[in-house]
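# Got a predicted structure plus its sequence, pasted below:
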Amino acid sequence: MLKDLKNVIKHSGIYGIGNILGKLGVFLMIPVYTRYLTPADYGTLELFYTTTTILKTFLAVGIAHATLRFFFEYEAASERKKVISTALIATFFFGLIGTVFLFAFAGGLSSALFGTAQYGGLFRLVAFTFLLELSMEVSLAYLRASEKSVFFISVSIFQLIARIGVSVALLVFLGQGIKGILIGDLCGVALAWLILTVFTVRFSGVSIDIKKLKEILHYSFPLALGSLSFLVIGTSDRYIMNSFIGVGAIGLYALAYRFGSVIQSLYTEPFTKSYGPYRFSIMKRTDAGVFYSRVLTYFLFGYLFLGLGVSVLSEEVIALMAARPFWDSYRIVPIMVLASAGGGCYYILQIGIYIEKKTRYVPQILFCSAAVNVLLNFILIPPLGATGAALTLVATNASTCALTYIVSQRLMPIDYEFGRIIKLAAAAGVIYAASLLVDTGITWLDMLLKILLVMAYPLLLKFLRFYHDDEALIIRAKWANLSSLLLSKVFSPKAS
């Protein structure tokens with residue numbers, strides 16, 4: 001099992017490097033965006049992204065996920081090629097539908113969201129980005145299935161460089177505002193789409209297998225219904241805030257969301273990209289249940305460790321990076337970190353549903369969660385603003401995980417290590433509470449003390465007897481090797 005975990009960790013690490021570089025680029029743009037855009041502009045940009053996400057999530061109908069599932073259904077390379085090619089053509093077709101919709105209703109969308117039709121041209125610009133992004137989903141799934149993680153992140157980096165370069169030129173030097181950022185997005189996506197599509201077609205060719213298309217759509221259609229609920233959960237807060245408290249609040253919320261979800265981008269997404277296909281590749285093994293159980297524990301260990309770092313340092317980091325009008329967003333970051341943990345847990349807990357191909361349960365679970373989300377948003381946003389939206393997201397993700405666990409356990413019982421998970425949460429709570437007491441009035445000293453507190457997290461877990469004997473042996477061995485290496489570097493005689 002340790003070999004399996006090492007394989008997942010290896011590819012997660014490679015995906016993580018790519019995401020770190022990508023996030024580094026995004027974070028370097030925060031001082032630019034917050035100085036050349038007002039909170040209202042930032043909120044407007046967020047609504048563009050949110051609206052595009054709605055269409056993309058709905059029209060993708062879960063085909064990329066189905067591609068991973070059916071790729072491993074077959075052993076023959078010829079059959080796998082048919083799966084990839086069929087899915088690729090299907091996503092491009094659905095993308096065209098969304099593009100036509102955006103073009104036809106661009107003015108109406110602009111009027112509905114912003115009270116003016118002046119943003120209609122920008123929605124038409126976004127339509128092209130939408131088509132290419134949706135079309136890339138299957139190519140990215142193919143790279144994950146074939147464990148081409150290095151190529152995956154290389155394309156991501158090229159896309160990021162093109163996007164940032166064009167956006168900065170248009171925003172800073174030509175004063176194009178939101179339009180400049182959206183053009184930069186299109187340029188980056190177009191470059192990535194060209195590389196990925198050529199690479200994928202060289203493997204799969206261009207053909208469609210009607211039988212496989214029916215199988216993929218039958219498997220993914222319930223996921224499409226579930227996607228409607230995901231859309232509500234992921235976007236209703238922005239639209240409700242726009243109605244009650246305006247786009248300025250959305251701008252602050254969006255920045256907090258960026259910081260709060262940084263662990264999702266740097267840790268959860270690399271993990272799911274690696275673990276997603278791997279969980280299906282081992283599903284027929286007798287020890288698969290033990291592996292799935294340990295994965296949840298280890299995932300939460302890493303997430304809470306990194307999440308503590310983001311939460312306790314958010315005030316100082318936002319003050320250093322963002323313009324003053326955005327500073328209050330730090331108050332929401334710890335709540336967003338907690339909420340984002342639910343996405344990774346949901347991904348792990350759903351294993352029984354997907355292995356047994358009972359995807360019809362997914363929309364039922366997500367419909368319930370969406371109802372909770374909308375109800376709490378209407379209750380909490382008017383009095384609490386962005387904080388209410390963040391608290392709603394925590395409650396929504398918690399309910400999603402609970403329902404997914406109940407359903408998946410009935411299909412495929414797994415003995416998760418909830419006793420150890422409680423210890424993880426308790427240790428994280430103690431560390432975070434202690435960080436609230438740090439206030440020397442000196443920014444660099446506060447940051448140093450908070451970092452030391454976060455680094456004490458694994459030691460506190462040792463005090464709580466979290467580690468199994470085999471894990472403790474591995475940790476001691478790794479520490480001994482690292483110590484020996486450091487000592488040899490320090491005390492070894494230098495060559496004359």
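Happy to help now that I have it.

# May I ask you to confirm that Thr53 is in contact with Val232?
No - under the criterion of Cβ atoms under 8 Å, Thr53 makes no contact with Val232, lying 11.8 Å away. (C-beta placed from N, C-alpha, C; glycine too.)

# Of these two, which one has the most company?
Val232 (21 against 16; other Cβ atoms under 10 Å).

# Where does that one sit: helix, strand or coil?
helix (DSSP: H, G, I helix; E, B strand; the rest coil).

# Can you tell me how far it is from Trp444?
Applying Cβ to Cβ, to the nearest Å, the value for Val232 to Trp444 is 43 Å.

# quick one, what contacts Ser329?
Taking Cβ atoms under 8 Å, 6 or more residues apart in numbering as the criterion, Ser329 is in contact with 252-253, 255-256, 259, 318, 322, 386.

# Filter the residues you listed down to just the ones in strands.
The strands, defined by DSSP state E, take in nothing from those.

# Just the closest of those residues to Gly289, please.
Taking Cβ to Cβ as the measure, Gly289 sits nearest to Phe259 out of the contacts of Ser329, at 36.1 Å.

# thought that closest one was touching Glu316?
No - counting by Cβ under 8 Å, Phe259 does not reach Glu316; the two are 11.7 Å apart.

# Which one of these two is surrounded by more residues?
A count of neighbours by other Cβ under 10 Å puts Phe259 above the other of Phe259 and Glu316, at 25 against 15.

# quick one on the thing from earlier: may I ask which two of the contacts of Ser329 are separated the most?
Across the contacts of Ser329, the longest distance by Cβ to Cβ is 14.8 Å; it joins Ala322 and Ala386.

# so where's the stretch 301-450 of the chain uncertain?
Across the stretch 301-450 of the chain, nothing is flagged by pLDDT under 70.

# count of residues packed around Lys148?
Lys148: 16 surrounding residues under other Cβ under 10 Å.

# Could I get the phi/psi values of it?
The phi and psi values for Lys148, taken as degrees, to the nearest 10, are phi -100, psi 60.

# measure it to Gln159 for me?
16 Å.

# List the buried residues in stretch 441-459.
Buried residues in stretch 441-459, counted by 16 or more other Cβ atoms under 10 Å: 446-447, 449-450, 453-454, 456-457.

# Tell me which of Ala322 and Ala386 has more neighbours.
Each of Ala322 and Ala386 has its neighbours counted (other Cβ under 10 Å); Ala386 has more, 26 against 20.

# Tell me how far the residue lying closest to the more buried one once chain neighbours are set aside lies from Asp439.
Once flanking residues are discounted, Ala386 sits nearest to Tyr253: 4.0 Å by Cβ to Cβ, 6 or more residues apart in numbering. Applying Cβ to Cβ, the value for Tyr253 to Asp439 is 26 Å.

# which one of the two has more residues nearby?
More crowded of Tyr253 and Asp439, by other Cβ under 10 Å: Tyr253, with 28 against 9.

# How confident was the prediction at that one?
Predicted confidence (pLDDT) for Tyr253: 79.

# That one and Val32, how far apart?
Counting by Cβ to Cβ - Tyr253 and Val32 are separated by 20 Å.

# Please apply the same query to Glu137.
Glu137 is 29 Å from Val32, by Cβ to Cβ.

# More neighbours: the two, which one.
Glu137 (22 against 15).

# I'd say that one and Ala66 touch.
No - taking contacts as Cβ under 8 Å, Glu137 lies outside contact range of Ala66: 10.7 Å.

# pretty sure Asn373 contacts Thr235?
No - with contact defined as Cβ under 8 Å, Asn373 does not count as touching Thr235 (9.8 Å).

# Pick out whichever of the two has more residues nearby.
Between Asn373 and Thr235, Asn373 has the larger neighbour count (other Cβ under 10 Å), namely 27 against 18.

# Quick check: phi and psi on that one?
Backbone torsions for Asn373, taken as degrees, to the nearest 10, come to phi -60, psi -50.

# Buried ones in the helix or strand where Arg420 lies, by neighbour count?
Assigned by DSSP states H and E, Arg420 belongs to helix 418-435. Of all the residues in helix 418-435, those buried under the rule 16+ other Cβ under 10 Å are 420-421, 423-424, 427-428, 431-432, 434-435.

# right, and Asp415 touches Ser293 too?
Yes - Asp415 lies in contact with Ser293 (Cβ under 8 Å); the separation is 5.7 Å.

# Among the contacts of Ser329, which ones are in helices?
252-253, 255-256, 259, 318, 386 (DSSP state H).

# out of those residues, who's nearest Phe326?
For the ones in helices among the contacts of Ser329, the nearest to Phe326 is Leu255 (5.3 Å; Cβ to Cβ).

# got a list of what the closest one touches?
Applying Cβ under 8 Å, 6+ apart, the residues near Leu255 are 30, 34, 42, 318, 322, 326, 329.

# Can you tell me the closest non-neighbouring residue to Ala127?
In space, Ala127 is closest to Leu102, 3.7 Å off (Cβ to Cβ, 6+ apart).

# Contacts for stretch 29-42 next, please.
Contacts of stretch 29-42 (Cβ under 8 Å, 6+ apart): 45, 164, 167-168, 171-172, 177-178, 181, 246-252, 254-255, 258, 321-323, 325-326.

# Buried residues, it. List them.
For stretch 29-42, a neighbour-count test (16+ other Cβ under 10 Å) marks 29-30, 33-34, 36-39, 41-42 as buried.

# Average pLDDT for that stretch, rounded please.
The model assigns stretch 29-42 a mean pLDDT of 77.

# Quick one: end-to-end distance for it.
Start-to-end span of stretch 29-42 (Cα to Cα, to the nearest Å) is 12 Å.

# After the strand or helix carrying Thr297, heading C-terminal, what element do we hit next?
Following DSSP H and E, one finds Thr297 within helix 288-321. The helix or strand immediately downstream of helix 288-321 is helix 333-349, counting by DSSP H and E.

# That following helix: how far from the chain's middle?
10 Å (Cα atoms, centre = their mean, to the nearest Å).

# before we move on, what about stretch 129-148?
Distance, centroid of stretch 129-148 to centroid of chain: 15 Å (Cα atoms, centre = their mean).

# Which parts of it count as buried, going by neighbours?
129-145, 147-148.

# Can you name the residues that contact Ala433?
For Ala433, counting by Cβ under 8 Å, 6+ apart, there are no contacting residues.

# meant to ask about Leu140
Counting by Cβ under 8 Å, 6+ apart, Leu140 has contacts 64, 152, 196.

# For it, what is the enclosing helix or strand?
Using DSSP H and E, Leu140 falls in helix 120-145.

# tell me the angle of whatever helix or strand comes next after that helix relative to helix 120-145?
On the C-terminal side of helix 120-145, the closest following helix or strand by DSSP H and E is helix 149-168. Interaxial angle, helix 149-168 versus helix 120-145 (axes from the mean of the first three to the mean of the last three Cα atoms, to 10 degrees): 160 degrees.
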